[in-house]
Structures are given as C-alpha cells and as structure tokens.
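Visitor: From the sequence below, what's the structure:
(chains A and B)
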Number of protein chains: 2
Amino acid sequence: MASTYTQPVQVLIDELGRLPGVGPKSAQRIAFHLLKIPADDVARLAEAITVAKAKVRFCERCFNVAEDTYCPICKDESRDNSIVCVVEESRDIVAIEKTGEFRGRYHVLLGAMSPLEGIGPEQLKIRELVSRIGPEGIDEVILCTNPNTEGEVTAMYLARLLKPIGLAVTRIASGLPVGGDLEYADELTLGRALEGRRSALDD
Amino acid sequence: MASTYTQPVQVLIDELGRLPGVGPKSAQRIAFHLLKIPADDVARLAEAITVAKAKVRFCERCFNVAEDTYCPICKDESRDNSIVCVVEESRDIVAIEKTGEFRGRYHVLLGAMSPLEGIGPEQLKIRELVSRIGPEGIDEVILCTNPNTEGEVTAMYLARLLKPIGLAVTRIASGLPVGGDLEYADELTLGRALEGRRSALDD
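Guide: Here you go, the predicted model:
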C-alpha cells in the first residue's frame, strides 16, 4: 500500500537490483530517473537491451562477443595463430587491443574460477581452449586473467593443465602501475613489483 | 573494428551509461552481464522498464508516482489534509511512510533547486504546491527536502515564499543520526545538532 511502491515500479526496482553493482538504493534511483525522463529515452534503453541480446552472441572459436559465427578478431587473417591470450571477459580483449601490443588470438573463459560462487573449470570455456591448441598450432598461451584471487587461481589451474602439453605458458606481469607512486602502492603490489624486477638496461 | 565493441554492444553500453550513478565501467559490466545471462531474464528487465514507463505516471495532485489520476496517499480519505510534507522525490515518501510518524499529505517537487544544473523554481512543482494551499485548507508545510546544498536552498526559497501567506512552515531537524557516534560526526552535522538542541525532559 502506501508504504511501498506501486507494483510496476517495484518490479522495475527489483529487476534493476539484479544487475551487477546495482544495489537497492541505486535501483530506486535509476527507476525514478526512468519515470521522470522522456518516454523516448526510456524506449531507446529498452530497445538497446533487446537488440543487443538478440543480435550479439559469442564467437564459436574464442567466445568473444560476435554478431556472426566468428568475432572480428577470429575473422582477421593477418593475426598470429600461434599465440593466444586467455582472458576472463570480452571487455578484457578491448583493453588489450587498445595497447596495440598484441597481434595474436584470444580465448575468453567467460569468467574465472571461484569456489565460493560454485564456478569451477567446467563452468568456464577451458575444454574449448584445450581443443584449439592442436588444430590451430598454438605455441604460447599468455594467461591474462585478473591479478586478483579468482584470476590467480584460474591462471594457476591453466598453467598446470597446459604446461605438460609442451606449450609456453606465460602470465602477464604484476607490478606498479605506470605513473603510479611507490608511497601509495599496497604491499602486495610492491612485493610483486620487486619479485618481478628485470635488468634495468633490457630494452 | 577490433579495438571497440560490436555496434549493438556499444549502443547498449552508451544507453546504460546515461543512467544516474552508472559510469562507463559499470555500463560495460552491466552490458556484458546482460549478454551472458539467460535471454528470459533480459526480456524481463526490458519488459519491466517498458511496463513501468507505460503504466506509471505522476499523481495530478501531489506528483507522487501513481497508476491512476491520484496516488494511493491522495486517495486515502483518512489522512490529514491540513498538513503537507514537501519532498524532492517519490522515494522520499516511501522513507517517511516507513517511519509511521506522519499522517498528512505529501507534495513532490520532482527535484531540488540547483543553479549549476539550471534547475530553478520554475522547473519544480512549486506553483502546483502554492495552488493547493487555499483549496485544500493547508495550515502547515513541513519542508523535507534533503539536508544538502540543493535541498537547503530549496527549503529556504519555499520558506520565504510560504511564510508570508500565513502558513506554519517547518523544516525537518538536522542532527546526529540515531545510533551514530559523536566522534565520527562531521563538524557541520555536529554544529546543526548543537544548534537544534532541545530541552532534555521534553516528551
């Protein structure tokens, strides 16, 4: 009744609250924002959601987002087949592509191992990664999962799985961010930066 | 191309990024979440948005959210017509209703004055508030706008506008939150709490 929202508003708040990073307060705020703005803007949002979901699927080879069977990177004939960068999510590919440092292929795991959330190797696209190695002539796998607990566990699991096959398996470096400040670095990052030190005159 | 998202994904990220409190990173995260979860869940979200926008409008009397011409509170005959609580948004009504302390009517301004964002008295439902006073026999207006800059400016404006009409105009108290800790209170709040002190043996 009076002390709660009218039903369509409550349904909207509940649905918004299911989104990652959107708590009950944000969901309320977004819901009332949507009720206040012009109907056209709201229709555009609903449309964007529906269209993206309908049109976008996952690349059958690397599980990047794609509009066709394969994603633009898998379709690109000029890229190096022998080296594969393993990431958790499609958005990580965009970040790596922006560096312009990598010309190989990708493989998206669609998540990271997390025993607490019940995500084990079977829930990730790990079997699909292994099955690509022989047919595609992959020599090196770069483990680019996040440098947090889930990402490290996943990288460790993959390293143990892939090294015995005879592949070069590397992990992206952890250390101080460029432009960062030693004083403000947390001790774990600083520890990693020391551990990963390299000869100062290497190119 | 490869370094950006496929078009429907980018459109979705852009639309999500327009929501209040959703930055570019959150928009990305929500977009990829939507691409990963079952299509039914996504359809439910899009539907909730569309339905709420289609069904919900603003009460013609107090501008609370409503499914009909008037909101449930305005329709409730048992409430006290003589006292009106002025709030910025509908969600504030829900918060006040939860206290069970107020049995009068409400008036939603649909915002607060903010010269920086170009929101003046004309953009708020202030004229509509003034026009309710005579016909509804309102004696007291409680200014329940937020205790921040915009809310205070709005309350000040309304007090100056309404007092000369001969109404009792009150402002909700600012002070330490119940269960709060003096040590951690900011100086403005503590100053307000001192300024608003009351006789200790009042009921």
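Visitor: Leaving out the residues flanking it, which one is nearest to the residue nearest the centre of chain A?
Guide: In chain A, the C-alpha nearest the mean C-alpha coordinate belongs to residue A:89, at 2.1 Å (CA atoms, centre = their mean). Nearest non-adjacent residue to residue A:89, counting by CB to CB, 6 or more residues apart in numbering or on different chains: residue B:32, 5.8 Å away. (Glycine included, C-beta is placed from N, CA and C.)
Visitor: Quick one: neighbours of that neighbour, just the number.
Guide: Residues near residue B:32, counting by other CB atoms under 10 Å in any protein chain shown, number 21.
Visitor: That one: which element?
Guide: Here residue B:32 sits within helix B:24-36, counting by DSSP states H and E.
Visitor: Can you pull out the low-pLDDT segments for chain A?
Guide: A:1-3, A:199-203 (pLDDT under 70).
Visitor: Name the single longest helix found in it.
Guide: When chain A is parsed with DSSP state H, its longest helix is helix A:39-55.
Visitor: what's the following helix or strand after it?
Guide: From helix A:39-55 onward toward the C-terminus, using DSSP H and E, the following helix or strand is strand A:57-58.
Visitor: Now do the helices in chain A.
Guide: Secondary structure of chain A (DSSP H): helices located at A:7-17, A:24-36, A:39-55, A:72-75, A:90-99, A:126-136, A:149-162, A:187-195.
Visitor: Which of the ones you listed sits closest to residue B:20?
Guide: helix A:24-36 (4.9 Å; CB to CB).
Visitor: angle of the closest one against helix A:7-17?
Guide: Inter-element angle recorded for helix A:24-36 and helix A:7-17: 130 degrees (by axes from the mean of the first three to the mean of the last three CA atoms, to 10 degrees).
Visitor: Verify the contact between the residue nearest to the centre of chain A and residue A:96 for me.
Guide: No. Counting by CB atoms under 8 Å, residue A:89 stays clear of residue A:96, with 11.4 Å between them.
Visitor: Quick one: closest of the helices of chain A to residue B:78.
Guide: In terms of CB to CB, the element of the helices of chain A nearest to residue B:78 is helix A:7-17, at 22.0 Å.
Visitor: List every C-alpha atom in the closest one, with coordinates, as PDB.
Guide: Backbone C-alpha positions of helix A:7-17 (Å, rounded to 0.1, in the frame of the first residue of the first chain) are rendered in PDB as follows:
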ATOM      1  CA  GLN A   7       3.600  -2.600  -8.400                       C
ATOM      2  CA  PRO A   8       5.200  -1.800 -11.800                       C
ATOM      3  CA  VAL A   9       7.700   0.500 -10.000                       C
ATOM      4  CA  GLN A  10       8.600  -2.300  -7.500                       C
ATOM      5  CA  VAL A  11       9.000  -4.800 -10.300                       C
ATOM      6  CA  LEU A  12      11.300  -2.300 -12.100                       C
ATOM      7  CA  ILE A  13      13.400  -1.700  -9.000                       C
ATOM      8  CA  ASP A  14      13.700  -5.500  -8.400                       C
ATOM      9  CA  GLU A  15      14.800  -6.100 -11.900                       C
ATOM     10  CA  LEU A  16      17.300  -3.300 -11.800                       C
ATOM     11  CA  GLY A  17      18.600  -4.500  -8.500                       C
END
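Visitor: Could you list every helix and strand in contact with that helix?
Guide: Helices and strands touching helix A:7-17, by 3 or more CB pairs under 8 Å, 6 or more residues apart in numbering or on different chains; DSSP states H and E, are helix A:24-36, helix B:39-55.
Visitor: and chain A, what are its domains?
Guide: Using automatic domain parsing, the domain parsing of chain A gives A:7-55, A:77-199.
Visitor: tell me the most buried of those domains?
Guide: Greatest average neighbour count among the domains of chain A goes to domain A:7-55 (a mean of 18), per mean count of other CB atoms under 10 Å in any protein chain shown.
Visitor: Now do it: distance from first to last residue.
Guide: Domain A:7-55 has its terminal residues 31 Å apart, counting by CA to CA, to the nearest Å.
Visitor: ok so, going back, now the residue nearest to the centre of chain A. Its backbone dihedrals?
Guide: For residue A:89, the backbone dihedrals (degrees, to the nearest 10) come out as phi -140, psi 160.
Visitor: who's in contact with it?
Guide: By CB atoms under 8 Å, 6 or more residues apart in numbering or on different chains, residue A:89 lies in contact with A:108, A:110, A:111, B:32.
Visitor: where's it relative to residue A:67, distance?
Guide: Residue A:89 sits 18 Å away from residue A:67 when distances are taken as CB to CB, to the nearest Å.
Visitor: quick one: which of the domains of chain A is nearest residue B:193?
Guide: Among these, domain A:7-55 comes nearest to residue B:193, with 24.3 Å by CB to CB.
Visitor: who touches the residue nearest to residue A:173 when sequence neighbours are not counted in this structure?
Guide: Once flanking residues are discounted, residue A:173 sits nearest to residue A:196: 5.3 Å by CB to CB, 6+ apart. Going by CB under 8 Å, 6+ apart, residue A:196 touches A:173, A:174, A:175.
Visitor: nearest to chain B, of these?
Guide: Proximity of these to chain B (CB to the nearest CB) peaks at residue A:174, which lies at 20.4 Å.
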